[in-house]
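[1] Build the 3D model from these lines:
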Amino acid sequence: MAVILTGGDGYVGWPTALRMASELDERVVAVDDLSRRRWVEECGSVSAVPVAPPGERTAAAKERYGNLSFVAGDLTDRDFVKSLMDIYEPSAVVHLAAQPSAPYSQINGERALDTQTGNVSMTLNLLWALREAGLENSHFVETTTMGVYGAPEFPVPEGEFEVEYRGGRDTIPYPAMAGSWYHMTKTMDAANMRLANRQWGQPCSDLRTAIVYGTETEETRGSDTLKTRFDFDYYFGTVVNRFCAQAVAGYPVTVYGKGEQRKPMISLEDTVQSTVNAVTAGAPGGVEVYNQATRPIAIVELADTIAEVGTEFDLDVEVKHFENPREEKEEHEMVVENDRFTKLLGEQRQDLEEGVRDVLGTLVRYGDALRGHEDRFLPGVLKGQS
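    Sure, this is the predicted structure:
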């Protein structure tokens with residue numbers, strides 16, 4: 001038996017594969033088609049932290065843990081996915097593979113279509129391949145996104161809530177209020193997981209991930225070969241990581257509008273551990289939804305925190321406000337219920353200030369790469385395209 005982890009070459013996927021190899025007795029099979037590397041290159045950017053080729057870092061991981069394999073393949077290829085299930089007969093599938101960028105999905109119709117067809121077909125292929133291989137009891141774990149909730153003016157439940165209407169009452173899934181073509185794919189994935197559970201009993205865990213920040217986990221420290229990627233460009237860099245990169249590059253930290261939008265966030269370390277905990281906790285009876293977030297923070301407060309921590313690294317950080325290129329409210333406090341997730345995570349391993357300190361400490365080693373691509377901090381024309 002094995003655990004299959006998709007998106008195993010990605011920012012979150014690679015350190016999650018390492019943590020699973022460290023903590024699980026089963027064989028861990030990381031699967032990826034290296035799309036993230038191609039997309040970032042297409043956008044004219046790079047990973048600030050140099051990333052070793054898949055074969056090289058898998059060999060280093062095997063030497064350390066012994067039970068990690070890497071398989072290159074396209075999850076939109078139904079035959080490839082079916083062969084994965086037939087060969088490895090996984091007890092769990094941890095699905096992290098996706099085109100994960102809302103801004104990238106918004107560039108034009110072509111990328112919106114690629115994002116939706118790619119993301120949705122990968123999830124459907126995995127669910128149906130489990131069914132057709134007779135693995136209906138295997139645990140399907142997917143990291144979706146908190147972006148499926150949109151920006152409601154009431155506390156966000158963990159996946160479902162009670163509705164009373166015209167004398168009737170029921171518990172229903174949270175409605176799809178996604179604000180981008182990418183986020184909409186995850187609402188469809190969530191609905192398809194519920195349908196698979198309803199039709200043939202597939203147990204599923206839906207980890208609705210907040211904004212992730214960080215550069216290191218326990219497994220990546222002390223080894224350049226085992227490092228995970230770190231994107232800082234407008235399309236693929238999360239707001240925390242992008243702000244930290246701007247600070248190190250000597251570029252103004254770019255707060256859009258007032259920056260009073262309060263966003264849920266979580267460290268890379270806590271993201272990785274809670275994802276592994278979802279596997280070790282075992283399969284639920286139905287579909288379990290977790291709001292994978294540890295703290296909400298306003299964007300302007302985040303920028304100020306980075307400026308303050310930056311003084312420890314002799315960084316003179318300037319915070320500037322720019323016109324917001326996104327369609328979003330200037331002020332919004334997103335209140336997220338996460339009791340179920342807090343129990344899954346257990347003790348929080350890294351708070352925001354520690355995470356910012358960790359990121360800045362890593363990035364000062366790579367200032368030249370950041371300064372050489374500072375034109376990628378803001379939206380612009382894709383490399384070689386109009």
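
[2] How about the longest strand along the chain, which residues are buried there?
    For the chain, the strand with the greatest residue count under DSSP state E is strand 260-267. Neighbour-count burial for strand 260-267, with 16 or more other Cβ atoms under 10 Å as criterion, is recorded at 261-267. C-betas here are computed from N, CA, C, even on glycine.

[3] tell me the least confident of the residues you listed?
    The member of the buried residues of strand 260-267 with the lowest pLDDT is Gln261, at 86.

[4] And that one, how far from Asn324?
    9 Å (Cβ to Cβ, to the nearest Å).

[5] which residues sit against stretch 297-312?
    Contacts of stretch 297-312 with the rest of the structure, by Cβ atoms under 8 Å, 6 or more residues apart in numbering, involve 239-240, 243-244, 247, 253, 255-256, 258-263, 265, 316-319, 352-353, 356-357, 360.

[6] So among those, which ones count as buried?
    Buried among the contacts of stretch 297-312 (16+ other Cβ under 10 Å): 239-240, 243-244, 247, 253, 255-256, 259, 261-263, 265, 317, 319, 352, 356-357, 360.

[7] Identify those among those residues that sit within helices.
    Judged by DSSP state H, helices contain the following of those: 239-240, 243-244, 247, 352, 356-357, 360.

[8] if I've got this straight, Ala190 is in a strand?
    No - Ala190: not assigned to a strand; according to DSSP: H, G, I helix; E, B strand; the rest coil it is helix.

[9] Quick one: the helices in the chain, in order.
    Ranges of helices in the chain, per DSSP H, are 13-23, 35-42, 54-65, 78-88, 102-105, 109-132, 181-200, 239-249, 268-280, 299-310, 339-345, 352-363, 367-371.

[10] Just put these in CSV and tack on distance to Leu207.
    Converted to CSV, these look like this (distance: least, Cβ to Cβ, whole Å):
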stretch, distance to Leu207
helix 13-23, 11
helix 35-42, 19
helix 54-65, 23
helix 78-88, 21
helix 102-105, 18
helix 109-132, 13
helix 181-200, 11
helix 239-249, 19
helix 268-280, 6
helix 299-310, 22
helix 339-345, 8
helix 352-363, 19
helix 367-371, 30
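
[11] want to throw those into a markdown table with mean pLDDT and distance to Pro379?
    Below are the helices of the chain laid out as a markdown table (pLDDT from 0 to 100; distance: least, Cβ to Cβ, whole Å):
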| stretch | mean pLDDT | distance to Pro379 |
| --- | --- | --- |
| helix 13-23 | 98 | 26 |
| helix 35-42 | 96 | 14 |
| helix 54-65 | 95 | 30 |
| helix 78-88 | 98 | 34 |
| helix 102-105 | 95 | 7 |
| helix 109-132 | 98 | 13 |
| helix 181-200 | 97 | 15 |
| helix 239-249 | 96 | 12 |
| helix 268-280 | 98 | 25 |
| helix 299-310 | 96 | 16 |
| helix 339-345 | 97 | 32 |
| helix 352-363 | 96 | 21 |
| helix 367-371 | 93 | 17 |
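
[12] nearest to Ser223, of these?
    The closest of those to Ser223 is helix 54-65. By Cβ to Cβ, the value is 6.7 Å.

[13] buried set for the closest one?
    54, 57-58, 60-61, 65.

[14] partners of the longest strand of the chain in the sheet?
    Strand 260-267 pairs in its sheet with strand 211-213 (parallel), strand 295-298 (antiparallel), strand 331-333 (parallel), by DSSP bridges.

[15] so of those, which one's packed in deepest?
    Looking across these with neighbours counted as mean count of other Cβ atoms under 10 Å, the highest average goes to strand 211-213: a mean of 23.

[16] List of residues touching that one?
    Residues contacting strand 211-213 (Cβ under 8 Å, 6+ apart): 11-12, 238-241, 244, 263-268, 271, 352, 355-356, 359.

[17] ok, now stretch 347-362?
    49, 213-216, 230, 240-241, 244, 247-248, 265, 267-270, 273, 294-295, 297, 302, 305-306, 309-310, 312-313, 315.

[18] cool, and stretch 142-157?
    With Cβ under 8 Å, 6+ apart as the test, stretch 142-157 has contacts from 12, 94-96, 100, 102, 123, 174, 176-180, 182-183, 186-187, 189-190, 193, 204-210, 261, 264, 275, 291-293, 328-329, 332, 334-337.
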